[in-house]
Structures are given as structure tokens and as C-alpha cells.
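S.K.: okay, sequence plus prediction incoming.
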Amino acid sequence: MPGLPLRVGTRGSPLALVQTRAFLEQIMAVCPVLRGLDAFREYAIATTGDAIQNRPLSEIGGKGLFAREIHEALLDGRIDFAVHSLKDLETELPAGVVLACTLRREDARDVLILPEGEADPENPFASLPQGALVGSASLRRQAQLLALRPDLRVETIRGNVQTRLAKVRSGAFAGSLLALAGLKRLGLEGEAAAILAPEIMLPAACQGIVGVTLRARDAELHELLSAVEDPKARAVSRAERALLAALDGNCRTPIGGHARLLPDGRLRLDGLTARADGSFILRRSIEGQAQDAVALGEALGAELRADSPADIFG
């Protein structure tokens, strides 16, 4: 294992830093001796996805842009492990980088943000005026919103959570859509005008899950980090990432994926493909044994791909 202090890499956003520090607290809880050893050093790494704020991710290379520089720092030895929002990690990691563990999932649902007031959770988008301008960086959210409200206009809104909230408050947008998990981790869940049920807005694959990567050769460190692995998060994330991989999921294709463990221990996976303009939405589900999570994701992905127009994967 690399010597102390261990160097942990992360994006520099407020949410990324909160998630990283929460993970380190968990590690020190299971291995208390580390707490007195000044065992960790944080390294905030600027990523291309953070640097380019004026263009949609679909135009500049997709979700891997939030991790590329962090992978490079791992492989060239500048950091020892890295903490990510798992939904930002590509399904195929670079050679020599592995996913060490996944943490307990926070609430995976999306929320509607309005300048003020609350919305009816049963019909949340009725709160948006006819033809209103909504800010979103996600084609998945855009497609589902426009399928329900084709009169609305959607423009790209980028930046960290606080920046997006400020743009709605200022009146630049009539509303926006964010992940509840990020708001809760930042203590900002009160900003949500309505929490969107998955039946209304299917979440992104791995939304609300934190994942930790490290070099494949660091077996001893892998054993330490995996001590905080959450088995439920591992099962659902494996299903959702397999779904994405089967669909060649990236930020250019609107894809939703959400798995949950049922009371009987079986796993249910819901998946969605769409056109960005909301003119096509296909939603399917599959159930099976949790140990078959990857196979379930692959099967549902194959079904969605077969029944979707080829142009949406272009």
C-alpha cells in the first residue's frame, strides 16, 4: 500500500469536496487508527468538464470529461485514490484503473427548482408557465420534461449546484432540474419545489452513489477502501452501469436507469431511452436475482436498443 499520507483526488466543486470528506470520515470510522495519523491529503483536480461551462457535455465529449484528468493523476502517481459521483464515471475505465467501492446510495430522485414556492408533486410541471425557459445540462431530463410539456423551452445550464440555483433565483430561468442527492449532501434540500417520482422523471444511472477508484495494482489499499462498500449500492450500480454499457450510454443519448432491491431481495431495473426533444420515449423494466445484476442490465439494454429508433444512438 502507498505510504501515508494517502493522496485523494477529487473535483474541486463544493459537492465533490463534501462527498470526499464524508468518504474519508467513513474510512476513519472503520479504521480509527488513521484518524490520529494525519493519513489523508486532498487534491482538487481541475477537469475539462468543469472548465468548459458554456457548452453542453454532449458537444464536448460526454461524462468522461469529469474524470479524465483524475484518471491521469492516478496512473502517473500524483494521487493514490479518487472519489467520484458514480454517474460521472464512464462504464469502461482506463486500463490500470478500477472501481474500489461504492457507498450507500443517497436519494436518487430528481427535483424541480423554481424561483419561489412549491409545486404539486403529482403534477409538478404545471407550475411552469406556458412556453417557459427551463435550464438543464441533462438530455435525459430534457427529453422527459418535453415529453410531458412540449411547449417548454430548454437551454443548457452548467456550473455547480449553487450556480444553477442562483440562475433560477435571478430569473434567468423559470426553473431547473437537479439531483436531490446533491442538494441533501450540501444541506440545500429545502431548495426543491417538488421531488420528482421516478415514474415522472426516471433518474440517471448511478445517481446518488459515490464511487472510489484506484490503481488496479494497489491490492492492499483496495482492501482498506472496500471496507466501506455498501452491498446494496454495489448491486444496483452494477445493474445500472451494465445497462449503460449495453446502450453505449454517454451524454449524447438520453438514457435513464434506476435499480432497486425489492422486499424479497430480488432486483428491479427500470430503463429509458429517448430523443432529446421528447418526441420518443421508451421505458421498460426487468426483474431478477440481485446476483445477476450485470446480466439484468445487459438484457434490458439489449431490449431497449432493439426497440428504439437507431437515430437516437447516433
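M.R.: Arrived safely.
S.K.: next helix or strand past the worst-scoring helix or strand of the chain on mean pLDDT?
M.R.: Here the helix or strand of the chain ranked lowest by mean pLDDT, DSSP states H and E is helix 57-60, holding a mean of 56. Next helix or strand after helix 57-60 toward the C-terminus (DSSP states H and E): helix 68-75.
S.K.: quick one: Ala192 and Asp110 touch, right?
M.R.: No - between Ala192 and Asp110 there is no contact under CB atoms under 8 Å: 9.3 Å. Any C-beta I mention is one placed from the backbone N, CA and C, and that applies to glycine too.
S.K.: more neighbours, those two?
M.R.: Asp110 (31 against 22; other CB atoms under 10 Å).
S.K.: quick one, grab the pLDDT at the more buried one.
M.R.: Looking at Asp110, its pLDDT stands at 98.
S.K.: list the contacts of it.
M.R.: Contact partners of Asp110, counting by CB atoms under 8 Å, 6 or more residues apart in numbering, are 141, 177-180, 195-196, 201, 203, 207.
S.K.: circling back: give the intersection of the neighbour lists for Ala192 and Asp110.
M.R.: Contacts common to Ala192 and Asp110, judged by CB under 8 Å, 6+ apart, are 178, 180.
S.K.: please narrow the contacts of Asp110 to those residing in strands.
M.R.: Judged by DSSP state E, the contacts of Asp110 include 177-179, 195-196 as members of strands.
S.K.: run through the helices of the stretch 51-200 of the chain in chain order.
M.R.: If DSSP state H, counting those that start in this stretch is used as the criterion, the helices of the stretch 51-200 of the chain fall at 57-60, 68-75, 139-148, 161-169, 180-185.
S.K.: closest one of the contacts of Asp110 to Gly3?
M.R.: Each of these was checked against Gly3 using CB to CB; the closest is Gln207, at 35.3 Å.
S.K.: distance of the closest one relative to Ala108?
M.R.: Computed as CB to CB, to the nearest Å, the Gln207 to Ala108 distance reads 5 Å.
S.K.: cool, and Arg78?
M.R.: Distance of Arg78 to Ala108, given as CB to CB: 32 Å.
S.K.: would TSV of the ones in strands among the contacts of Asp110 with distance to Ala39 and pLDDT be doable?
M.R.: Shown next, in TSV, are the ones in strands among the contacts of Asp110 (distance: CB to CB, whole Å; pLDDT from 0 to 100):
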residue	distance to Ala39	pLDDT
Leu177	38	98
Leu178	33	98
Ala179	30	98
Ile195	37	98
Leu196	40	98
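S.K.: what's the closest of these to Leu17?
M.R.: If you rank the ones in strands among the contacts of Asp110 by distance to Leu17 using CB to CB, Ala179 comes first, at 16.5 Å.
S.K.: now do the contacts for the residue nearest to that closest one when sequence neighbours are not counted.
M.R.: Excluding its sequence neighbours, the residue lying closest to Ala179 (CB to CB, 6 or more residues apart in numbering) is Gln207, at 5.5 Å. Neighbouring residues of Gln207 by CB under 8 Å, 6+ apart: 87, 108, 110, 179, 181, 258.
S.K.: by neighbours, which of these wins?
M.R.: Ranked by neighbours (other CB under 10 Å), the contacts of Gln207 are led by Asp110, which has 31 neighbours.
S.K.: just list whatever residues bridge to that residue.
M.R.: Beta-bridge pairing for Asp110 (DSSP bridges): Ala179, Leu196.
S.K.: relative to Ala194, how far out is it?
M.R.: In terms of CB to CB, Asp110 sits 10 Å off from Ala194.
S.K.: where does the stretch 201-314 of the chain have low pLDDT?
M.R.: Applying pLDDT under 70 to the stretch 201-314 of the chain picks out residues 249-251.
S.K.: where exactly do the helices run in it?
M.R.: Using DSSP H, counting those that start in this stretch, helices in the stretch 201-314 of the chain cover 219-225, 231-246, 293-306.
S.K.: need the ones you listed in CSV (columns: mean neighbour count).
M.R.: Shown next, in CSV, are those (neighbours: other CB atoms under 10 Å):
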stretch, mean neighbour count
helix 219-225, 15
helix 231-246, 24
helix 293-306, 19
